[in-house]
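S.K.: this is the structure alone, sequence omitted:
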Ligand SMILES: [Zn+2]
């Protein structure tokens, strides 16, 4: 019992610390800044942040969400990402008894979370996330296949190679057709690199399923929330209504996680309906 509590706490704290680093990546990579140097600063008054002001979750609450230098509010994104990653890591290590599989899912999920938040805030998917993600997915696929004889929900290295090509290829074709129909850029290159990483993790069939689920999720949220809210706001302010831009990566990232965990079950269910 005690062991479970200590083990769970350690996983949670590790997740919170990684979430804290993820915040640095989200803030700096879109501006092409290093995530190592310089030390963390307040983005508004540039005051350096001491280590005790930078403790995940705790400091945001202790500082009452304000910078000690300029007193301006610190975004709720910081504790939200830290808490989300901490809970996500804990869930992974509870759900997967094999620690190697738990670690693979946890890191993959963290990269996807970083991509979703960055794409939502900055309309860009930095190479830092996708390059690290691809190296992580392929390396652990090779280790899992040749050394540990187990892949968990991930595919073997051969399927990973085909999956990366199918994922990136399919999203490129959709983006190209979208451009022809909409007469403007429909998809960024970040979506292509994201789908290469996702394809390497889930394989070719589930890569296509990810795009399908992501498009469905995007359509539901866009029609159900983004459009009505945008329309109401434009009516209140009396400005002409232009549909807001929502980047596709925001929907592809959670769709990839859903597909990784339950993609095979979804495909099996669909195929069983055909008979
Ligand atoms: Zn400040």
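M.R.: It's in. All of these numbers come straight from a predicted model, not from anything done at the bench.

S.K.: show me the contact partners of the lowest-mean-pLDDT helix or strand in the chain.
M.R.: The weakest-scoring helix or strand in the chain, judged by mean pLDDT, DSSP states H and E, is helix 227-237 (a mean of 86). Applying CB atoms under 8 Å, 6 or more residues apart in numbering, the external contacts of helix 227-237 come out as 240-244. Quick note: C-beta positions are derived from backbone N, CA and C, even for glycine.

S.K.: how distant is it from the center of its chain?
M.R.: Helix 227-237 has its C-alpha centroid displaced from the chain centroid by 28 Å (CA atoms, centre = their mean, to the nearest Å).

S.K.: which residues of this protein lie near the ion?
M.R.: Counting by CB under 5 Å from the ion, the residues of the chain close to the ion are 42, 44-45, 67, 69-70.

S.K.: rewinding a little: which one of the contacts of helix 227-237 is nearest to the ion?
M.R.: Nearest to the ion, judged by CB to the ion, of these is residue 244 at 29.3 Å.

S.K.: ok, and the closest non-adjacent residue to residue 249?
M.R.: Leaving out its chain neighbours, the residue that sits closest to residue 249 by CB to CB, 6 or more residues apart in numbering is residue 119, at 3.6 Å.

S.K.: Three-state assignment for that neighbour, please.
M.R.: helix (DSSP: H, G, I helix; E, B strand; the rest coil).

S.K.: am I right that it is in contact with residue 251?
M.R.: No - with contact defined as CB atoms under 8 Å, residue 119 does not reach residue 251; the gap is 9.3 Å.

S.K.: looking at those two, which is more packed in?
M.R.: Taking neighbours as other CB atoms under 10 Å, residue 119 and residue 251 compare with residue 119 leading, 27 against 24.

S.K.: tell me which element residue 140 is part of?
M.R.: Assigned by DSSP states H and E, residue 140 belongs to helix 127-143.

S.K.: what's in contact with that helix?
M.R.: So helix 127-143 is in contact with 25, 29, 35, 100, 104, 107-108, 111-112, 114-115, 118, 151, 154-157, 160, 164, 190, 193-194, 196-197, 200-201, going by CB under 8 Å, 6+ apart.

S.K.: those residues, buried ones only, as a ChimeraX selection?
M.R.: Per 16 or more other CB atoms under 10 Å, the buried members of the contacts of helix 127-143 correspond to this ChimeraX selection:
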select :25,29,104,107,108,111,112,114,115,118,151,154,155,157,160,164,190,193,194,196,197,200,201
